[in-house]
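Chemist: What follows is a protein structure lacking sequence information:
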């Protein structure tokens, strides 16, 4: 494990639920008290950040009764911030402008740019609302069975497609920056579980349900062939893997899925790898059973559309809540229900760094900056932690491995010398 510098910053009355870097040293945080009447205002905040300081540059307060920004993606070239924010209860009944684009101006001010609706809502605030098996009271949170929210917001690497996933397990695919539908919404089947993540892979959207990961074919890149009524087709799926050391009857669920370049020793890409977080729950009969969270690596099989499990490692003793991969695809970061934040080597899955008790509540957001020199985690405990990522971190595990190899080789040479010397003594 590597030691590193990290600093916690308290944010008064600002639980954090979304994050995005607009530059290496500028980060936008979204948070607040939600649609409840808690007195905690919902805001977007722009901060200047370095390893030791976090300075507020500008903030934009949302209208009373609107929800907190619960998910975020950033188009750094245009300085656009795409957020999932529910409108007020009254406006949600007819026109919920849940998908919103804000921009950081040249003067470093947050400004509202455009909005659109991807959710159909008929509100009944007396209903309870299910999120990941947890029941939330609709009246308190403004989230009801008939009042979905934008749970996932992902921009394609090219920046021309936006995937918006809702708590009703529906994914809308929009053009960006126009925010026009390019296909009919994709509904995750009940057998696929709840949506947790979306990524892009070549000509596919990778949609992560808690029970199944779907590779969905993207519509044609030619705008004239894109039709908002065209159904998205599933190319292939990835099922939950069998994992070692679990009690009989344990259940598993996907929490995140990200595509990463698989580079050879010379840094040349040899395709893609799928990294997925799998949380586990022991059966009720197994008191004190393991709730380990695994990071699993899948690779596409030769001349096949199927993805097979090639590697896995237990990363935490409790469920992982947030996950991120750095831009180079060499480092994996996670935040756990045990309140820790850690980094793994993407090649070996070896743990490189761990910060215990990073927050008082489990992390709700986690993000590398573009150059991978900083990692920021945030939580509903009104705090963020800024981690300075050592420049040699990705090299540490490889260096340690080579050191072990050289030590073993040296031991072998010494033992061989002793053996040969002893045989010579016997002959004499």
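Modeler: Noted; the coordinates are in hand. Everything quoted here is computed from the prediction, not taken from an experiment.
Chemist: alpha carbons only for contacts and neighbour counts from here, please
Modeler: Will do.
Chemist: For the stretch 1-150 of the chain, give me the ranges with low pLDDT.
Modeler: Applying pLDDT under 70 to the stretch 1-150 of the chain flags the ranges 37, 120-146.
Chemist: Can you get me a residue count around residue 5?
Modeler: Using other C-alpha atoms under 10 Å, residue 5 has 11 neighbouring residues.
Chemist: repeat for residue 17
Modeler: Neighbours around residue 17, by other C-alpha under 10 Å: 22.
Chemist: For the nearest residue to residue 320 once chain neighbours are set aside, give me its contacts.
Modeler: Of all residues not flanking residue 320 in the chain, residue 336 sits nearest, at 4.2 Å (C-alpha to C-alpha, 6 or more residues apart in numbering). With contact taken as C-alpha atoms under 8 Å, 6 or more residues apart in numbering, residue 336 is in contact with 316, 318-322, 362-363.
Chemist: how near is the closest residue to residue 300 other than its chain neighbours to residue 274?
Modeler: Nearest-residue entry for residue 300: residue 307, 4.2 Å, with adjacent residues in sequence omitted and distances by C-alpha to C-alpha, 6+ apart. Computed with C-alpha to C-alpha, to the nearest Å, the distance linking residue 307 and residue 274 is 8 Å.
Chemist: Show me what the helix or strand containing residue 18 is packed up against.
Modeler: Per DSSP states H and E, residue 18 falls inside strand 16-23. When contacts are defined as 3 or more C-alpha pairs under 8 Å, 6 or more residues apart in numbering; DSSP states H and E, strand 16-23 packs onto strand 26-31, strand 72-75, strand 363-368, strand 374-379.
Chemist: And the helices in the stretch 301-428 of the chain?
Modeler: Per DSSP state H, counting those that start in this stretch, the stretch 301-428 of the chain carries helices over the ranges 393-427.
Chemist: same thing with the stretch 51-200 of the chain?
Modeler: Applying DSSP H, counting those that start in this stretch to the stretch 51-200 of the chain gives helices spanning 89-92, 138-141.
Chemist: before we move on, back to that, any residues in contact with both of residue 307 and residue 274?
Modeler: 298-299.
Chemist: Mind checking which of the two has more residues around it?
Modeler: residue 274 (21 against 18).
Chemist: wait, is the more buried one part of a strand?
Modeler: Yes - looking at residue 274 with DSSP: H, G, I helix; E, B strand; the rest coil, it is inside a strand.
Chemist: residue contacts, it?
Modeler: Applying C-alpha under 8 Å, 6+ apart, the residues contacting residue 274 are 257-260, 297-299.
Chemist: Just those residues: which are in strands?
Modeler: Members of the contacts of residue 274 lying in strands (criterion: DSSP state E): 257-260, 297-299.
Chemist: These into TSV, with extra columns for neighbour count and distance to residue 105?
Modeler: TSV is the format used below for the ones in strands among the contacts of residue 274 (neighbours: other C-alpha atoms under 10 Å; distance: C-alpha to C-alpha, whole Å):
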residue	neighbour count	distance to residue 105
257	25	32
258	22	30
259	20	31
260	21	32
297	24	40
298	20	41
299	17	41
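Chemist: can you list those in JSON lines and add distance to residue 89?
Modeler: Converted to JSON lines, the ones in strands among the contacts of residue 274 look like this (distance: C-alpha to C-alpha, whole Å):
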{"residue": "257", "distance to residue 89": "32"}
{"residue": "258", "distance to residue 89": "34"}
{"residue": "259", "distance to residue 89": "37"}
{"residue": "260", "distance to residue 89": "40"}
{"residue": "297", "distance to residue 89": "42"}
{"residue": "298", "distance to residue 89": "42"}
{"residue": "299", "distance to residue 89": "45"}
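Chemist: that older thread, got the helices and strands packed on strand 16-23 as TSV, with distance to residue 190 columns?
Modeler: As requested, the helices and strands packed on strand 16-23 are exported to TSV (distance: least, C-alpha to C-alpha, whole Å):
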stretch	distance to residue 190
strand 26-31	30
strand 72-75	26
strand 363-368	25
strand 374-379	30
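Chemist: Let's have these in a markdown table, adding mean neighbour count and distance to residue 220.
Modeler: Shown next, in a markdown table, are the helices and strands packed on strand 16-23 (neighbours: other C-alpha atoms under 10 Å; distance: least, C-alpha to C-alpha, whole Å):
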| stretch | mean neighbour count | distance to residue 220 |
| --- | --- | --- |
| strand 26-31 | 24 | 32 |
| strand 72-75 | 24 | 22 |
| strand 363-368 | 25 | 31 |
| strand 374-379 | 25 | 36 |
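Chemist: With residue 239 as the reference, name the closest of those strands.
Modeler: Smallest distance to residue 239 across the helices and strands packed on strand 16-23 (C-alpha to C-alpha): 25.5 Å, for strand 363-368.
Chemist: Outside of that closest one itself, list whatever touches it.
Modeler: By C-alpha under 8 Å, 6+ apart, strand 363-368 touches 16-20, 321-327, 333-337, 339, 341, 374-380.
Chemist: Likewise for stretch 216-232?
Modeler: Here stretch 216-232 has contacts from 181-186, 203-207, 233-236, using C-alpha under 8 Å, 6+ apart.
Chemist: And residue 200, how far from residue 274?
Modeler: In terms of C-alpha to C-alpha, residue 200 sits 11 Å off from residue 274.
Chemist: any shared contact partners between those two?
Modeler: If you check residue 200 and residue 274 against C-alpha under 8 Å, 6+ apart, the residues they both contact are residue 259.
Chemist: distance of the residue most central in space within the chain from residue 255?
Modeler: Central residue of the chain (C-alpha atoms, centre = their mean): residue 323, 4.0 Å from the mean position. Residue 323 sits 8 Å away from residue 255, going by C-alpha to C-alpha.
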